[in-house]
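>>> sequence first, predicted coordinates after that:
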Amino acid sequence: MSSRNGDAQREPALSAPARALRKLGLVRDIDLALHLPLRYEDETRLVPIGALHAGDTAQVQGEVSDCRVEHSRTRRQLVARIADASGELVLRWLHFYPSQQKQLAPGRQVRVRGEVRGGFLGLEIVHPVLKVVEPGTPLPQALTPVYPSTAALPQAYLRKVITTALARAPLAEILPPDAVPAGLPTLREALATLHHPAPGAAMATLEDRSHPAWQRLKYEELLAQQLSQAQALAERALLRAPPLVAGGEDGKGDDLRARLAKALPFALTGAQRRVTAEIERDLAQTRPMHRLLQGDVGSGKTVVAALAAATAISAGWQCALMAPTEILAEQHFRKLVGWLEPLGVGIAWLTGSRKGRARREMLARIASGEAALVVGTHAVIQDDVQFARLALAVVDEQHRFGVTQRLALRAKLGAHASDDAVPLEPHLLMMSATPIPRTLAMTYYADLDVSTLDELPPGRTPVLTKLFADDKRDQVIARIRDELARGSEQQVYWVCPLVEESEHVDLQDATATHAELSAALPGTMVGLLHGRMPAAEKAAVMSLFTGGQMRVLVATTVIEVGVDVPSASLMVIEHAERFGLAQLHQLRGRVGRGTAASVCVLLYTGPLSPTAKDRLRAMAETSDGFEIARRDLEIRGPGEFMGARQSGDALLRFADLATDGGLLAQARAMAPRLLRESPAAAEEHVARWLGSRADYLKA
Ligand code: ADP
Ligand code: MG
């Protein structure tokens, strides 16, 4: 027998509740200590039976005077009477076990709790919580916690293990007293209060989490996060990157950047000029840029990236640009080829579907440095891709990359040796059309500088958004037919949802819709685009649509990000209620890119959940990406916003960015001071709170 099996055998078998604990992640004492009650029950007081009113939830104690099973025509019930010195109360069970009747033998003292109602025989409690007690049994001194739990984990068991764990957990104060906002309890006190609040505790503040004990806990958590961000920032400050100045450091070389600016078919907006200057200031530094460029859909981020690339290339280095989908990568590739190839820049193209000899040739051009710009999907950061002199990485739609991909990217971009053996790291520019609300930026992206494009290129007409129940679908199709028949130049996106779990079914939806529209629009070229199509076919469909021959494009959400066809001016989204708010906004951003007035039709199928209603209303009311992001945060909460489900771990357990902005600001102000004055405490605090999760915060 291998020693491994031996170990397994030595491990004691876990009881069912212990297994259930493990399943909830409640393994260490500290895990249990941080497993906080959902609510509390007050078992600290007894109400005289005579003082009860219908509607009260109360605990009383009395002696059983009678207990019997009563039969009506339809059911059996267990009915007991108890009395104290002040009155009598009926207890009633519609479902019961024979053992319960035995428990309620006349003469026994019982303590019962539940909601009192007026019954046929006077006041009664149906299905009370019941405990047989000896006369004189003391009442609990604290409110009784009710924990989040599962069927396999009885509350009584959970209460017991948590009480034990709370006493044992290493909860000594790590933070110096002046690092904690005045008036807050110690961590141990805070947890004691939250698990076992005193009977007089301000219930409302415990429930809405504004109680000082809650504040302490939230502050601890926020501070840990701010500290880890500040550490990341400090670590980055120690890194070295090649300073990139257009035309070389003496400014006398070829200024590709200036040539590109001159060759562009449009003038930059004020916002584009401002963020370009911010980026170029960073690129000229000897420490790596780590900047997020956020700008609403259509605000013109691509050209900003192209200018940054031109700066890097004219300084003699390579640039990589990564997009989350092949369609988007290809579109960037075409655009950049159009802009930069005439200026003499070698551009390579790498995606997962490019294999064999073509791929080997690309890799050789990248390794030799002949390709100064490399565009592609995450294939760009695969192991076998070796850059000669990579100095700038641009990640488009960065929020679309999973947490693990973002971590892989940072690992790949890690320091590599330069000619003079000084390890250098590339500059990093991330782009996103999903603006990050301020509180989130402060929490999760403290190690990131943010540039914002807050201005759209001129000549855009706002998109009019209309909501229709799906029984109007035929009318929408008829409108499209009439428009096209009138000889209108209109191009239409028709979007079908793609829910990951049932990709197959949705594909049928898109295919069926494609057939339906083709039949309804004779003489019109209707295309179909979905994620399962081979890349070449996708590209062919896209180019027909971009070229204008194809008028209607039925697509799953593969067009969601970045696709740019300025002449498309109508978008219909089917089952709009199934999409997230950010996703709807991204989709809508595909129209309204030209000068034609654009319309977005959201078809929905009722009944709508309250959050679906909120989302659709937000879409109809605003087209401002920042406002959308704010509402999205409100509707969904930050966990989902961050794609936390991807990481399998919610990043904030206790603090709520929507309500705890004040504490966040305090934690943010304290973090650098603590790192400076008590670095050991800072490190210990981060380890206690984040442990293995610290990495995710860097992604
Ligand atoms: P996004 O920020 O969504 O990535 P894009 O970079 O795709 O936006 O730009 C949207 C469209 O606007 C593109 O067709 C682009 O060429 C065009 N564009 C960008 N900047 C300007 C500008 N300053 N003036 C006019 N058109 C512009
Ligand atoms: Mg884009």
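Thanks, I have the structure now. Numbers count the residues shown, from 1 in each chain. Ligands and ions are numbered 1, 2, ... in the order given.
>>> okay, now the sheet partners of the longest strand along the chain, with direction.
Assignment by DSSP state E gives strand 57-71 as the longest strand of the chain. According to DSSP bridges, strand 57-71 forms sheet pairs with strand 76-84 (antiparallel), strand 109-119 (antiparallel).
>>> so which of the ones you listed is the most surrounded?
strand 76-84 (a mean of 19; mean count of other Cβ atoms under 10 Å). Quick note: C-beta positions are derived from backbone N, CA and C, even for glycine.
>>> columns distance to ligand 1 on top of the strands paired with strand 57-71, output as CSV?
Shown next, in CSV, are the strands paired with strand 57-71 (distance: least, Cβ to the nearest ligand atom, whole Å):
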stretch, distance to ligand 1
strand 76-84, 67
strand 109-119, 56
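>>> could you dump those into TSV with mean pLDDT added?
Formatted as TSV, those follow (pLDDT from 0 to 100):
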stretch	mean pLDDT
strand 76-84	93
strand 109-119	91
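>>> residues from the protein in reach of ligand 1?
266, 268-269, 272, 295, 297-303, 433, 457, 562, 564, 566, 593 (Cβ under 6 Å from any ligand atom).
>>> please repeat the previous calculation with a cut-off of 8 Å.
Residues of the chain lying close to ligand 1 by Cβ under 8 Å from any ligand atom are 264-269, 272, 295-304, 335, 396, 431, 433, 453, 457-459, 562, 564, 566, 589, 593.
>>> and the one helix or strand Glu627 maps to, what does it pack onto?
Per DSSP states H and E: Glu627 is located in helix 625-636. Where contact means 3 or more Cβ pairs under 8 Å, 6 or more residues apart in numbering; DSSP states H and E, helix 625-636 is packed against helix 581-588, helix 610-621.
>>> can you name the residue of the stretch 151-300 of the chain nearest ligand 1?
Relative to ligand 1, the nearest point of the stretch 151-300 of the chain is Gly300 (3.0 Å; Cβ to the nearest ligand atom).
>>> neighbours around that residue, how many?
Neighbour count of Gly300, defined by other Cβ atoms under 10 Å: 18.
>>> for it, what are its contacts?
Leu268, Thr269, Gln272, Leu453, Leu456, Pro457 (Cβ atoms under 8 Å, 6 or more residues apart in numbering).
>>> then Gly459?
So Gly459 contacts Thr595 (Cβ under 8 Å, 6+ apart).
>>> so is it in a helix, a strand, or just coil?
For Gly459, the assignment made with DSSP: H, G, I helix; E, B strand; the rest coil gives coil.
>>> quick check: Ala364 is in a strand.
No. Counting by three-state DSSP, Ala364 falls outside a strand, being helix.
>>> give me the number of residues near it?
Ala364 has 13 nearby residues by other Cβ under 10 Å.
>>> show me what contacts it?
Ala364 neighbours (Cβ under 8 Å, 6+ apart): none.
>>> let me see the confidence value for it.
pLDDT, Ala364: 93.
>>> rewinding a little: mean confidence (pLDDT) on the longest strand of the chain, please.
Mean predicted confidence for strand 57-71 is 92.
>>> for ligand 1, what is the nearest residue in the stretch 401-550 of the chain?
Shortest the stretch 401-550 of the chain-to-ligand 1 distance, computed as Cβ to the nearest ligand atom: residue-wise this is Pro457, at 3.4 Å.
>>> neighbours of that residue, how many?
Pro457, neighbours per other Cβ under 10 Å, totals 17.
>>> residue contacts, it?
Counted by Cβ under 8 Å, 6+ apart, Pro457 has contacts Phe266, Thr269, Gly298, Ser299, Gly300.
>>> need the single longest helix in this protein, by residues.
Under DSSP state H, the helix in the chain containing the largest number of residues is helix 212-237.
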